[in-house]
Structures are given as structure tokens and as C-alpha cells.
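K.L.:
my questions are about this predicted structure, shown below with the sequence.
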Amino acid sequence: MNKQAWLNEKYPQQEERSQRFSTISDMEIEPVYTPDDLNGSNLEGIGYPGEYPYTRGVYPSMYRGRYWTMRQFAGFGTPEDTNQRFKLLLSEGQTGLSTAFDMPVLMGYDADHPRSLGEVGREGVSVSTIKDMERLFQDIPLDKVSTSMTVNCTASILLAMYVAVADKQGIPRNQISGTIQNDMLKEYIAQKEWICPPEPAVRIVTDMIEFCAKEVPRWHAVSISGYHIREAGSTAVQELAFTLADGIGYAQAGIERGLDVDEFAPRLSFFFDIHNDFFEEIAKLRAARRMWATIMKERFGAKNPRSMLLRTHCQTAGVSLTAQQPVNNVVRVAIQALAGVLGGTQSLHTNSMDETLALPTEESVTVALRTQQIIAEESGVTNFVDPLGGSWAIEALTDRMEKEAFAYIDRIDELGGIIRAIDIGFPQKEIADAAYRYQQQLDAREKVIVGVNSHAVEEERPMEILKIDPEVERSQIAQVTQVKQERDQAAAEEQLGRVHAAARNGQNLMPVLIDAVKAHCTVGEISDVYREVFGVYQDPAWL
Amino acid sequence: MSEEKILRILVAKAGLDGHDRGAKIIARALRDAGFEVIYTGLHQTPEMIAEAAVQEDVDAVGLSILSGAHMTLFPAILGALKERGADDVAVFGGGIVPEDDMPGLAQVGVKKVFTPGASTQEIVDWIWANVEPRSGL
């Protein structure tokens, strides 16, 4: 019997529970997959782990060598508050730090700016000056931990501060390691925290790529992020496509700067969302690796195999969590985390059950970290390398997502590249359409969220949530005011003038930024220079 | 609904965060439900929102906020509307708002806060039941 005969004769003998079977991204799923569904994904086509095109993993031994980095994103309140959370996470067995900054930092305002009112320390840690940065990393040896910083339009300033703190601690720049998100293209597409328009923003990103390639070789100068694209409501294929299109944009910018692709590509890293749909997510990561390897080799002519490796951080999908029956979120996170691991991630953040309500409490963060530890140390899945490789369903999904994502990339190329595509709102509108479609499916109960449109209950048990003391705002305002009063004002102004000049004349900004933050120039002041020189980007407010 | 004045609603994104998925979905859903919808775009200050509400002569303002600054921004927006003589504009909102903050928001005049999981129909129904066209305009 062949598949078609089975579909025609055997399968219809029993009723289906639904008229249509599709992934959360609305990709239709067939009743069964067979070798006929594969598009060249035989053993030769998919290859071996650690071998081009890396479908099965970027390293040969994967988690038999070492587990992924367990990296919980943390940041709230004052630098001291977050420093304490960092120390707790390190003592609980976490292996890397990941810093969340508050909205004023993410948008380029100091704690004492009127637009910061009510936002200081709420969604992340408040940092306005190098003094705040020193308090944030107090007693944490910067040459011993790797640090991730989630910040974008002000990433250049925060990286300058991190390097300056290392300089002050006497740690050589080639000894510090970490990642800065610094993916401005996805800001215009999805997360929407920006200062200036896309072109100057990509110039600043390229300055950082160049600076890190030369001065801070263990730093990932950009983490090309699908996470926010997905959280904004894209499908899995759109996440894959727009993320890799952004990657192409940065690689192109680096080459146009005169860098050799193999000089910087090995330090490009990625960040994907892991949503509920288990197999779709696993296939997405496998397709992403194969696509990036192909793009690097064939499109950019990379020679170094390390340039072709898509190494990625993953985070479970914040958007999938529910405020209703929040303990259920522990289960969602576990399933998603398992998909990330089976998909072959290098690093993982598991969300906490209470994150739809507030920033997580210590207890819920610990459960989230334990979820990863249980997968790593108890479940046994880490004894296998790409255990789902060779599954007809997984390979067929991988092939299909790759094909559909490449079709999007072709479309973006036709539009003249990712910056042009962003200018006309192409990815933004695709995402908004997908988000709206999904909401309509939820409202029609064609898609289900347990506890929300299925198995809902009347009364909810109130949860203990983390509260940010309003005193945080007052004390951070006092801190920045004091720094501005006590610093050598003439020196600070001179440094801001140098930043202004470098921004105008196209010289790499990083060295002057490091001098500027050492002279206590603030996040807001340097952002104001960007605003003045590059202009301010306004939300086109497309619906 | 055809004989009555079509309600005009401003969907506004307050604060510094860029999470506009919810605001855009609500704006589209309200438009599909037959309301006239104006969307402010991101990163609006309380003054900008109040000014837009007055300029656009809206009957209601739907605020979206996910940055945790609602206890500062919502009262400031209601204050800015009042200063412009527009305190009869119905203000409702949505986002990550803990239960404990609800009474405080009600006290300053926020008529309803929708929390994650609310369906678009629920919001449409609430507007039909609770928003009146502003008189004397």
C-alpha cells in the first residue's frame, strides 16, 4: 500500500475529531508522513550533527558534550536589586547572566527624564550612568561569567559601559564574554523600541560588530532575534524568515564596511521563540540552522565553517502564558523548553509561571530554572543527539518551513533588501495580519488556550506577585542627579562633543563611547546626541 | 446602529514600551465591529493622547499598556483629558494590570480594565453597553 491508497481507502474509515488539523501557525498537517514527503531529506541530505548544513545540530556531541547554557533573563528595580537576583541565580546553578533593562534604558532616557516617570525599574533594571553599571555587576567577576544584555537602540552605550567596567576592574577586553541583543532591524519589525531611523541604527550596529571583531573577540555583538517577531504575533515561518532576513542585512552591512565575512560571522548569534506547537518549533530550529549555513556558504561565500553555524539562544513563549490558572504555565514552559532542547538550542531561558501578572518572584524563577535542570538531568533526552532526525514528519516539516521561509526572503530581496522592506512596512503588516487572524481563531474557538477559551473556571486563586517599590524611582533619580553634580562637567561635555563628531563623520563610535561613559556621560545624554545627529524615528502606526 | 451616531474610539499606546500587538488587534476588531477607530501609534505621552482625543472628537479612549507604568500614566491621561474639558470621554484599558491596582484605577475614573485573555467580542460588547456618544458636540 502506498500513502495515497492509504489516505483514500483506509484513513476515511474512522471519523476525525476536527475538520482541519493545523499548527498554531496555521500550517496544515497531514494524517501521516512517509518517505514520499521528504524533499531530499535522506540521511545524505540531512547529514550528521556538526556537519554542514547542520540540520542535526551545530556540534557533533551536542548535550553529550555539555548541556545548553541555562540563562534566566533577570532585571528589576535598582542595580542592587538585580545584582542580588544575579547572585541568587548563580548560586542556584545558573551558568550565565542575562540582564533585563527598564524601559527608560531601552528607549534612551535617564531615570530623571519626565518620560521615565512611572517606568523606572519596572520592567528591568534602571541604569543611567557607569556608576549604576558598576553597582549592577558588583562582586561578579566579569572574566568568569558570560553576560547577556538585552538592549537595542542604546546597546552601543551599554556595551561601552560594560567594557569600561571591565577596564576599571583591570580585566583585559579579550577576557570578557557575552552577548548584546543589538538587533535593531527587528525593533522596527516587532519590538518597536528605537531612537533613530533604520539606516543610522544599522550603522551603529555595524560599528559594534567591527569593534567587537577587533577588540572584544569573545563578545557576540548582535543577537539576531526572532523572539520579538513571534511574540508580536507572527507565524513560525515568518519568525524564521524575517530573522534570517535581518541576519542577511547585518552580514551585508559588515561586508559593505569592508570586513571579511569570516572575520565577523562566527560571532553572529541568534535568538528564537519557542511556542506551544511542539513539532513545529523543533522543525523551525532545524530549518534555521540549515538555512543559515546555506546562506553563509552560498550567498556570502563564507569559508570558515564557524561562520555557517547558527548558534542560538531560545526563550519559551511569553505570549503563550495565561493570567488564568497561572500554575498551568509551568506545564506549558516545560513542553516548550523540551522542544527547544530537542531542536538543539545552545542556551535557554524558561519563563516563570507568573509573568503575565508581573515580573517573576524568586520562587517562580526557581521553578523555571528547575524545569531546565529536570530536562537536562532527569529526562534522558540529553543522551541523544537530534533524536527526532529521520522522523518523516519532522523532516517534512523542516523542509516545508525552509521552503516557505526562503520564499519570504526572496520576496524581501525583490523589495530591495530588509531595510527597504521595513520602510514600506512589509514584515510589519504580515505580522499584524497573522496576529489578527490568530485572535479571530481564538475568538471562534478554532484555536484553544486551556483556561481561557477552554476549561475556564470562574474564580482564580490570587498569586503572590513581585511588586516594585516606588522608592526605586526616587533613589535612581537621586543617583543620576548626584553623578551629574559630582562629575567633571567640562570633561563630560568634551566627551559628548567627541561622540557628536564621531556620529557625524562616520568614525567608529565605540572607542569614543567608552571614553564618554568613563567621563560619566549618561544613557540619556548620549541618546540625545543620537537624536540630534540621526533624527528620531516615528511609529508609522500601520494597522 | 445605523441610525445612531457611529462611536469614535481612540486606541492609544501609552508609555515607553513597544508592545503594540494588543492595541493593533483591538483597533482592527473595533473597526470590524463598525466603530470609527483612530490609532495613535506607539510611545505616546498623556498629553499627546488627551490632545488626540480632543482633536479627533472621540467618544472613548482605549489605552494599552504593558510596561507596568499604568498607575502613573492612566491617572495622568485622565487628568490631561479633564484639563481639556473632555472628562466625559469614556476611558477603558487593557494590559498587564494586577488585580490590586484595579480599585485605584477605577477611583481615578478608568471605566474598565481588560486583562489578558479577554476576547475581542467581550470588549466590543462592553463598549456597546457602556459608551454613549458625547453630547453637545
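P.N.:
Arrived safely.
K.L.:
tell me the contacts of the closest residue to A:Gln94 other than its chain neighbours?
P.N.:
Using Cβ to Cβ, 6 or more residues apart in numbering or on different chains and skipping residues adjacent in sequence, the residue nearest A:Gln94 is A:Met70, 5.4 Å away. (Each C-beta comes from the backbone N, C-alpha and C, glycine too.) Applying Cβ atoms under 8 Å, 6 or more residues apart in numbering or on different chains, we find A:Met70 in contact with A:Gly93, A:Gln94, A:Thr95, A:Gly96, A:Ser347, A:Leu348, A:Leu369, A:Gln372, A:Gln373, A:Ala376.
K.L.:
wait, what's in contact with the residue in the stretch 201-350 of chain A positioned nearest to chain B?
P.N.:
Residue nearest to chain B within the stretch 201-350 of chain A: A:Ala323 (4.6 Å; Cβ to the nearest Cβ). Contacts for A:Ala323 (Cβ under 8 Å, 6+ apart) come out as A:Thr356, A:Leu357, A:Glu460, B:Thr115, B:Pro116, B:Gly117.
K.L.:
out of those residues, which are buried?
P.N.:
For those, a burial check counting by 16 or more other Cβ atoms under 10 Å in any protein chain shown picks out A:Thr356, A:Leu357, B:Thr115, B:Pro116, B:Gly117.
K.L.:
how far away is the fourth one from A:Lys447?
P.N.:
Between B:Pro116 and A:Lys447 the computed distance is 15 Å (Cβ to Cβ, to the nearest Å).
K.L.:
ok, now the third one?
P.N.:
For B:Thr115, the distance to A:Lys447 (Cβ to Cβ) stands at 19 Å.
K.L.:
over to the first one?
P.N.:
Taking Cβ to Cβ as the measure, A:Thr356 falls 18 Å from A:Lys447.
K.L.:
and the closest residue to A:Arg135 other than its chain neighbours, how many neighbours?
P.N.:
Among residues not flanking A:Arg135 along the chain, A:Pro79 sits closest, at 3.8 Å (Cβ to Cβ, 6+ apart). A count of nearby residues for A:Pro79, using other Cβ atoms under 10 Å in any protein chain shown, gives 22.
K.L.:
can you give me the buried ones in the lowest-mean-pLDDT helix or strand in chain A?
P.N.:
Sorting the helices and strands of chain A by mean pLDDT, DSSP states H and E puts helix A:43-46 at the bottom, at a mean of 76. Burial within helix A:43-46, assessed by neighbour count using 16+ other Cβ under 10 Å, is assigned to A:Ile46.
K.L.:
is any part of stretch A:20-36 close to chain B?
P.N.:
No. Shown here: stretch A:20-36 not in contact with chain B (Cβ under 8 Å from any Cβ of the partner chain), separated by at least 15.0 Å.
K.L.:
enumerate the residues of chain B near chain A.
P.N.:
With the criterion set to Cβ under 8 Å from any Cβ, chain B comes near chain A through B:15-21, B:24-25, B:27-29, B:31, B:37, B:39-43, B:45, B:67-69, B:71-73, B:96, B:98-99, B:115-117, B:119-121.
K.L.:
mind listing what the residue most central in space within chain B touches?
P.N.:
Taking Cα atoms, centre = their mean, the centroid of chain B lies closest to B:Gly62, which sits 1.4 Å from it. When contacts are counted by Cβ under 8 Å, 6+ apart, B:Gly62 touches B:Ile9, B:Leu10, B:Val11, B:Ala12, B:Ala23, B:Ile26, B:Leu30, B:Phe92, B:Gly93, B:Gly94, B:Ile123.
K.L.:
out of those residues, which sit inside strands?
P.N.:
If you go by DSSP state E, these have B:Ile9, B:Leu10, B:Val11, B:Ala12, B:Phe92, B:Gly93, B:Gly94 in strands.
K.L.:
so what's the last one closest to, chain neighbours aside?
P.N.:
Nearest residue to B:Gly94, sequence neighbours excluded (Cβ to Cβ, 6+ apart): B:Phe114, at 4.1 Å.
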